[in-house]
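J.: please find the sequence and the predicted model below.
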Amino acid sequence: MRMAAEEAGHGRLILFSPVFLGAGAATWFLAASDFSAVSLALCLAVLLTAVALCGYARTKLRATLLALLLFAGGMLSAQIETWRTKTLILDSAVTTTVTGRIERREGDGQGRWRYILDVTGTDAPAIKRPPERISVLVRGATQPFELGDVIEGRARLTPPAGPALPRLNDFAFSAYFDGIGANGFFYGAPKRAAEQPERAGSVHETALEWLYRLRSGIGDRIRTTLPGDTGAFAASLVTDERRAISDETTEALRQSGLAHIIAISGLNMALSAGIFFVGLRVILSLFPGIAHAWPTKKIAAAGALAAVTAYYLISGFAVSAERAFIMMAIMLVAVFFDRPSISLRNVALSALVILAVSPSEVLGPSFQMSFAATLALVAGYDLWKGRPMRENAFAKLPIMKPFFVVGGFFGGVFLTSLIGGFSTALFSIEHFHRLTAYGLPANLAAMPVITFVVMPFGMIAMLLMPFGLDGWAWQVAGFGLDLVIVIAKTVSTWGGNIDVGRLPGWYFPTAVLGFLLLTLLRTRLRHMGTAIVAVSTIAVVLFPSEAIPDITISEDGSLVAIIDGEVMASNREKPPAFIFQQWQRALAIEEHQKPVMLQAASALTAADGKRLRLSPDQQNEARETMRQAVAINPASRFSCLKGAWCTTLLGNGKRLIVIDDAAYLGPACDTADIVVTPVRLHFDRCRSGALLFTGETLRKTGSVELRFTAKGIDVVTSFGPLQRPWIRHRAYDWRSDTFTDAGQSPVSDSGE
């Protein structure tokens, strides 16, 4: 009780306010359906009244009521953000002619451009529920279109992807709050519309378009000055345009633990503000009249605030940049009022601002990892400041001072990298299911280059760019970036990526609670957090967790995999990397067993685009071929007839068939116990009793995991009732223009 009172006396309870606010928002987003807004408002009003009537004397009751008030406020802010966003998501894949106005663009260095279009029309067919904004890829364009151009072309559009497996990241959630209703690509290069209507936008929209034009021009100039990965890397540090960096370099940065450099995050903002702050203060100190008459520290803070504001405006308003800007702005404003700039209160205040404006960020890895690292570093800084000081006569010797300065710098980099690495490891495991073993040496080698070469000369280049004198500064910054790329590629060759796999659902919130107690408390009570993290981690290591699925099915039914020990066998020779790599990381399985392609027979094909229909004799022949393929080839490995079907015998004796053409559905249902097809059929059961997963049922359930148990087949789907706005599009039927209640699994759990 005494230590709890001491925590309250030091104002530590205030630091938990963003925790309660974020917990309320997370609860609302993770719920199966919306809460009543009226009930939330009434609850908030009651709690406000109770807090007002409680008074300051009853501290425990007041603290409890305030925590509940923040929790309810987080839920209401999540509801308001969802209402405010109102993104309309495309219900199913479609090929149509799209006309839209270019809002943003980004090249990838391979002649391809990604455009964000404000859709003005669709045709052939006209989409009944067209998304307002889409992200489309253009291949082979000789020259990019300009921002503000209206373009049109034939395009393939698909809804944002759902979770690759149950409990993995739902990309539709982030797309909904980013305002993106569909992704896709143009067939060939689109054309600039003959008529370019004038856009009567608001002042805000006009300003945004001007900023995006400025951002695009800066990125193009940097990539022209520094070609290749060096220029793409430099542009990513300024404008957050990362697609132009090659896949090889991106993967090397990721494997070496240096991928955080290419995101405009707290590191970039802190270095920019620090360099500008120190540089301006040093310049002002050269003039004694100014140094004695004016508060140079506050002037330098104002200059640094202006610099990071400009940095944020040209960064494309990335989420990581927004968060870093708010945190840095609060710290710089604290200087104006002679308050400590580095404090847990400033971190808590910035978190409150972000959660109040964008509560959906609470579920994102970027928000969680950024604040986890910041919390740990600031808490570590507080402990370092409070350590007992000891005189070191040896350090006062003039000959030893340079060694202590250099040692202090690298010691600081070492501690910073160590604390940052440990604090974000939990979140890396939860979201990416892997750890980077050699991130510490990579950061020790790369951070001095970033700190003393890349960021200072990059800032000088940006200041000189309006005058056209930035070339030499970019060359120096590019030299530093080349060194960072060499470091990343060297460290990545060491290996060291540890695939952890998907952990039990209870572990992450429990460990996060322990982490928060450890970093936010100052008395010995913080050791409870250490104990919680340690005990929960030991429990995960020692005790068996959720069984690995026996079969995984993608949300469109085109990819199916069988898990047999440490091997994953799929029905595709080259499975789509976007999904399959997520499966490998989540299940901690690297080895992929390709299907056996049958050569003895060829698949029947339809003529003139008509639907293939099999005669009774052809169906009998297909049944016999399927049975022979199962008998000849090894168990738990697919045997495939290209363009027609894939079949396998599972370890428990059951047969699984994946069909690409609905004409083979009858033979597959007669032969197999489980049938999967990407075709969107109007029925969801086989007459034979075999389990049937179709493109239509999978669209509503999302990806599926199957586990064989003593009671039958356990079916786990990504989605239950389709009530939330970011998954509601899955229940839409364009034929009837209505929504159907299709949240339940289309199959029984018995499998019989």
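T.: Ah, there it is. Numbers count the residues shown, from 1 in each chain.
J.: can you map out the strands along the stretch 101-250 of the chain?
T.: Per DSSP state E, counting those that start in this stretch, the stretch 101-250 of the chain carries strands over the ranges 113-123, 133-138, 150-158, 182-186, 191-192.
J.: in the sheet, which strands lie alongside the shortest one, parallel or antiparallel?
T.: Looking back up the chat, that one is strand 191-192. Note on strand 191-192: by DSSP bridges, its sheet partners are strand 150-158 (antiparallel).
J.: mark out where each domain of this structure begins and ends.
T.: With automatic domain parsing as the criterion, the domains of the chain are listed as 2-85, 94-193, 215-388+413-499, 507-542, 551-604+614-739.
J.: the ones you listed: which one's closest to Glu209?
T.: domain 94-193 (6.2 Å; C-beta to C-beta). Using the backbone N, CA and C atoms, a C-beta is placed for each residue, glycine as well.
J.: any idea how far the closest one is from the chain center?
T.: Domain 94-193 sits 19 Å away from the centroid of its parent chain (C-alpha atoms, centre = their mean, to the nearest Å).
J.: check stretch 301-319 too.
T.: With C-alpha atoms, centre = their mean as the basis, stretch 301-319 stands 23 Å off its chain's centre.
J.: ok, residues contacting it?
T.: 104, 211-212, 214-215, 218, 238-241, 263-264, 268-269, 272-274, 276-277, 280, 321-322, 325, 328-329, 332-333, 335-336, 358, 361, 364, 366-367, 459 (C-beta atoms under 8 Å, 6 or more residues apart in numbering).
J.: same question for it, mean pLDDT?
T.: On average, the pLDDT along stretch 301-319 is 84.
J.: quick one: buried residues of that stretch?
T.: 301-305, 307-308, 311-316, 318-319 (16 or more other C-beta atoms under 10 Å).
J.: before we move on, what about stretch 86-95?
T.: Using 16+ other C-beta under 10 Å as the test for burial, stretch 86-95 gives 87-92, 94.
J.: straight-line length of that stretch, end to end?
T.: 24 Å (C-alpha to C-alpha, to the nearest Å).
J.: outside of it, which residues touch it?
T.: Contact with stretch 86-95 is made by 125, 127, 129-134, 154-160, 172, 175-182, 187, 680, 699, 725-726, 728-730, 732, 734, as judged by C-beta under 8 Å, 6+ apart.
J.: can you check stretch 50-59 too?
T.: So stretch 50-59 is contacted by 8, 61-62, 65-66, 69 (C-beta under 8 Å, 6+ apart).
J.: tabulate these in JSON lines, adding columns for distance to Ala32 and secondary structure.
T.: Shown next, in JSON lines, are the contacts of stretch 50-59 (distance: C-beta to C-beta, whole Å; DSSP: H, G, I helix; E, B strand; the rest coil):
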{"residue": "Ala8", "distance to Ala32": "36", "secondary structure": "helix"}
{"residue": "Leu61", "distance to Ala32": "32", "secondary structure": "helix"}
{"residue": "Arg62", "distance to Ala32": "33", "secondary structure": "helix"}
{"residue": "Leu65", "distance to Ala32": "28", "secondary structure": "helix"}
{"residue": "Leu66", "distance to Ala32": "28", "secondary structure": "helix"}
{"residue": "Leu69", "distance to Ala32": "24", "secondary structure": "helix"}
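J.: can you select the buried ones from the residues you listed in ChimeraX?
T.: In ChimeraX syntax, the buried subset of the contacts of stretch 50-59 is picked out as below (16+ other C-beta under 10 Å):
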select :62,65,66,69
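J.: before we move on, back to that, now list the buried members of the contacts of stretch 86-95.
T.: 127, 130-134, 155-157, 159-160, 172, 175-182, 680, 699, 725-726, 729-730, 732.
J.: from the buried residues of stretch 301-319, which is closest to Phe20?
T.: Closest approach between those and Phe20, by C-beta to C-beta: Val319, at 22.0 Å.
J.: tell me which helix or strand comes right after the lowest-mean-pLDDT helix or strand in the chain.
T.: In the chain, no helix or strand scores lower on mean pLDDT, DSSP states H and E than helix 2-9, which sits at a mean of 62. The helix or strand immediately downstream of helix 2-9 is helix 17-30, counting by DSSP states H and E.
J.: quick check: next helix or strand after that following helix?
T.: Next along from helix 17-30, by DSSP H and E: helix 37-54.
J.: Ile713 belongs to a strand, doesn't it?
T.: Yes: membership of Ile713 in a strand is supported by DSSP: H, G, I helix; E, B strand; the rest coil.
J.: from Ala547, how far off is it?
T.: 13 Å (C-beta to C-beta, to the nearest Å).
J.: just Pro504 next, same as before
T.: From Pro504 to Ala547 the distance is 11 Å (C-beta to C-beta).
J.: higher neighbour count, these two?
T.: Legend: neighbour count by other C-beta atoms under 10 Å for Pro504 and Ala547, higher for Pro504 (14 against 11).
J.: ok, and the closest non-adjacent residue to that one?
T.: In space, and not counting its chain neighbours, Pro504 is closest to Ser545: 4.6 Å by C-beta to C-beta, 6 or more residues apart in numbering.
J.: where does that neighbour fall, helix, sheet strand or coil?
T.: Under three-state DSSP, Ser545 comes out as coil.
J.: one more: the one 10 residues further on?
T.: Three-state call for Glu555 (three-state DSSP): coil.
J.: cool, Ile498 as well?
T.: Under three-state DSSP, Ile498 comes out as strand.
J.: work out for me the element the closest residue to it other than its chain neighbours sits within.
T.: Excluding its sequence neighbours, the residue lying closest to Ile498 (C-beta to C-beta, 6+ apart) is Leu435, at 4.5 Å. Assigned by DSSP H and E, Leu435 belongs to strand 434-436.
J.: so where is the stretch 201-350 of the chain shaky, pLDDT-wise?
T.: In the predicted model of the stretch 201-350 of the chain, residues 201-202, 204, 264-267, 319-320 satisfy pLDDT under 70.
J.: find me the pLDDT at Pro549, would you?
T.: 91.
J.: what's across from the closest residue in space to it that isn't next to it in sequence in the sheet?
T.: Of all residues not flanking Pro549 in the chain, Glu705 sits nearest, at 3.7 Å (C-beta to C-beta, 6+ apart). Applying DSSP bridges to Glu705 yields these beta-bridge partners: Thr552, Val716.
J.: any residues in contact with both of Ile713 and Ala547?
T.: With C-beta under 8 Å, 6+ apart, Ile713 and Ala547 have common neighbours Arg707.
J.: neighbours around Asn268, how many?
T.: Using other C-beta under 10 Å: Asn268 sits among 28 other residues.
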